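Undergrad: Below are the sequence and a predicted model for it; my questions follow.
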Amino acid sequence: MKKNNKYSFRKFINDVHLWLGLASGIILFIVCFTGTILVFEKEIKEFFADDFVVEAIAEKQSVHDLAEELKASKDYFITGVTIPNSKDEAYAFMVKENLKEQRGTKVLVNPYTKAIHKAEKTKADEFMLTMFKLHRWLLLDSDIGRPIVGVATIIFLLLSISGIVLWFPKKIKWKTIKPGLKIKTNAKWKRVNHDLHNTLGFYACIFLVIMAITGLCWSFEAYREGLGYVMGTKIFDRSNPEFQLKNSTNTKVISYDKAIEIANASLNYPGELAVTFPNPKSNYYSFRKYSANNWSPSTSDKIYIDTEGSILKIEWFDEKPINDKIASVIKPLHTGDIFGTFSKIIYFLACLIGTSLPVTGTIIWLNKLKKKNRKTKTANNTKPS
């Protein structure tokens, strides 16, 4: 019987999968490896950070008094504070040494004793920053590294889609699908390597696709804007609403604590409260509250209060349209924060598998190449002279 040498669609998909994988393997290995580490970035930083013990030994000091203590210690501009839900955690004040700073610095304050602890950078912070730059820009200039990572991410999407196509057998039956769902650990190492690539890639595929689709929002502005257009909402919209505020000098300005009291009365549930104080650009209080009982630690309700104590607007996350909800969780969907520790573990394993795929895939190709060369050599030796 003659061997069918027809170039089929499946062979085309296999060639696309192979050559795209070989071309982008090193970059994808780096991006997935750094992504595996960055999943637990917050936990790693906190583990190596200096301990700052807070004990509920007395009544909590007012936020106003804590802010005044902080100003007295150094001539800071205080831009906001995060008040944790737990009684045994410090308040995290955001401060700037001058108003030209873009982000500012986090300073921890004991709400019972007024003790101040500036969160100094550790070796872990430096390491995680390096991993971040490697993940996003390959340690290159961002204008060069960002599009390279973006193109590699597009290739990764194509590899994921083609990989799923190749995972399914030609005849789809349970007995032909079943072998692709498990790793045959008692087989020879070549078969084990094949199963590691084939089976683990199948299980991790959906999570890797989510990471790739969301990750492209950081690589290409046009993609981000296009995705926002398709979804009917803006991606990474960090702007606050614009309000028509009364410009009066005779009214009494409420204190930090009064504003926080009003916010907690309106958002009446336990949770972490992040406060942005009035500033020259936005002369009102901005609050985000993360419910301790919410399905996701990354979603929050917002409330805006003017300096007189009037509520300007409340934004309930659950009342947002579905497109706005998805747009607001693009980042936690990419990083694995969306469901807290549970989703982080899944993302860690998926990224770890993603890191292994270029390695196992290259080994499969090398094994096939050796096998093909042996067949060619054997055929040449058996030809009559």
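TA: Received the coordinates, thanks.
Undergrad: Residue 196 is in contact with residue 355, isn't it?
TA: No: using CB atoms under 8 Å, residue 196 is not in contact with residue 355, being 11.9 Å away. C-beta coordinates here come from the backbone N, C-alpha and C atoms, glycine included.
Undergrad: Distance-wise, check residue 262 relative to residue 84.
TA: 19 Å (CB to CB, to the nearest Å).
Undergrad: Residue 367 too?
TA: 54 Å.
Undergrad: repeat for residue 125
TA: The gap separating residue 125 from residue 84 is 21 Å, by CB to CB.
Undergrad: what separates the residue most central in space within the chain from residue 52, distance-wise?
TA: Residue closest to the mean C-alpha point of the chain, counted by CA atoms, centre = their mean, is residue 335 at 2.0 Å. As judged by CB to CB, residue 335 and residue 52 stand 25 Å apart.
Undergrad: what do you get for residue 278?
TA: Distance of residue 278 to residue 52, given as CB to CB: 28 Å.
Undergrad: Of the two, which one has the most company?
TA: residue 278 (18 against 15; other CB atoms under 10 Å).
Undergrad: per-residue pLDDT, residue 379?
TA: Listed pLDDT for residue 379 reads 69.
Undergrad: Secondary structure of residue 274: a strand, I assume?
TA: Yes: counting by DSSP: H, G, I helix; E, B strand; the rest coil, residue 274 is part of a strand.
Undergrad: Mind giving me the packing neighbours of the top helix by length along the chain?
TA: Longest helix in the chain, counting residues (DSSP state H): helix 341-382. For helix 341-382, the packing partners by 3 or more CB pairs under 8 Å, 6 or more residues apart in numbering; DSSP states H and E come out as helix 9-38, helix 189-219.
Undergrad: Residue 231 contacts residue 322, doesn't it?
TA: No: counting by CB under 8 Å, residue 231 stays clear of residue 322, with 9.3 Å between them.
Undergrad: So for those two, which residue has more residues nearby?
TA: Counted by other CB under 10 Å, residue 231 and residue 322 do not tie: residue 231 has more neighbours, with 16 against 9.
Undergrad: Could you pull up the residues touching that one?
TA: Applying CB atoms under 8 Å, 6 or more residues apart in numbering, one finds that residue 231 lies in contact with 323, 326-327.
Undergrad: any idea how far it is from residue 341?
TA: As defined by CB to CB, residue 231 lies at a distance of 28 Å from residue 341.
Undergrad: and if you look at residue 21?
TA: According to CB to CB, residue 21 stands 32 Å off from residue 341.
Undergrad: between these two, who's got more neighbours?
TA: residue 21 (23 against 12).
Undergrad: So that one sits against residue 360, correct?
TA: No: using CB under 8 Å, residue 21 is not in contact with residue 360, being 10.3 Å away.
Undergrad: Burial check on residue 189, number of neighbours?
TA: 9.
Undergrad: Any figure for the gap between it and residue 195?
TA: Between residue 189 and residue 195 the computed distance is 11 Å (CB to CB).
Undergrad: And residue 321, by the same measure?
TA: Using CB to CB, residue 321 is found at 43 Å from residue 195.
Undergrad: Between these two, which has more neighbouring residues?
TA: residue 195 (20 against 11).
Undergrad: tell me which element the closest residue to the more buried one other than its chain neighbours falls in.
TA: Closest residue in space to residue 195, ignoring its immediate chain neighbours: residue 183 at 4.1 Å, by CB to CB, 6 or more residues apart in numbering. Residue 183 belongs to no helix or strand when elements are defined using DSSP states H and E.
Undergrad: quick one: residue 183 and residue 192 touch, right?
TA: Yes: in terms of CB under 8 Å, residue 183 counts as a neighbour of residue 192; the distance is 6.6 Å.
Undergrad: Any regions of the stretch 201-350 of the chain where pLDDT drops low?
TA: Applying pLDDT under 70 to the stretch 201-350 of the chain flags residues 246-251.
Undergrad: in what helix or strand does the nearest residue to residue 315 once chain neighbours are set aside lie?
TA: Here the nearest residue to residue 315 in space, its sequence neighbours aside, is residue 302; by CB to CB, 6+ apart that works out to 4.2 Å. Assigned by DSSP H and E, residue 302 falls within strand 301-306.
Undergrad: Show me what that strand packs onto, helices and strands only.
TA: Counting by 3+ CB pairs under 8 Å, 6+ apart, strand 301-306 packs on helix 256-266, strand 284-291, strand 311-315.
Undergrad: List the strands paired with it, with their directions.
TA: Next to strand 301-306 in the sheet, as set by DSSP bridges, lie strand 284-291 (antiparallel), strand 311-315 (antiparallel).
Undergrad: Can you check what angle separates the last one from helix 256-266?
TA: Right, strand 311-315. Strand 311-315 runs at 50 degrees relative to helix 256-266, counting by axes from the mean of the first three to the mean of the last three CA atoms, to 10 degrees.
Undergrad: any idea which element the nearest residue to residue 139 once chain neighbours are set aside lies in?
TA: With CB to CB, 6+ apart as the criterion, residue 139 has its nearest non-adjacent residue at 5.4 Å, and that residue is residue 133. Residue 133 belongs to helix 123-137 when assigned by DSSP H and E.
Undergrad: any chance of the helices and strands packed on strand 301-306 in TSV, plus distance to residue 145?
TA: Converted to TSV, the helices and strands packed on strand 301-306 look like this (distance: least, CB to CB, whole Å):
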stretch	distance to residue 145
helix 256-266	41
strand 284-291	31
strand 311-315	35
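Undergrad: who wins for proximity to residue 212 among those?
TA: Nearest of the helices and strands packed on strand 301-306 to residue 212, taken as CB to CB: strand 284-291 at 27.3 Å.
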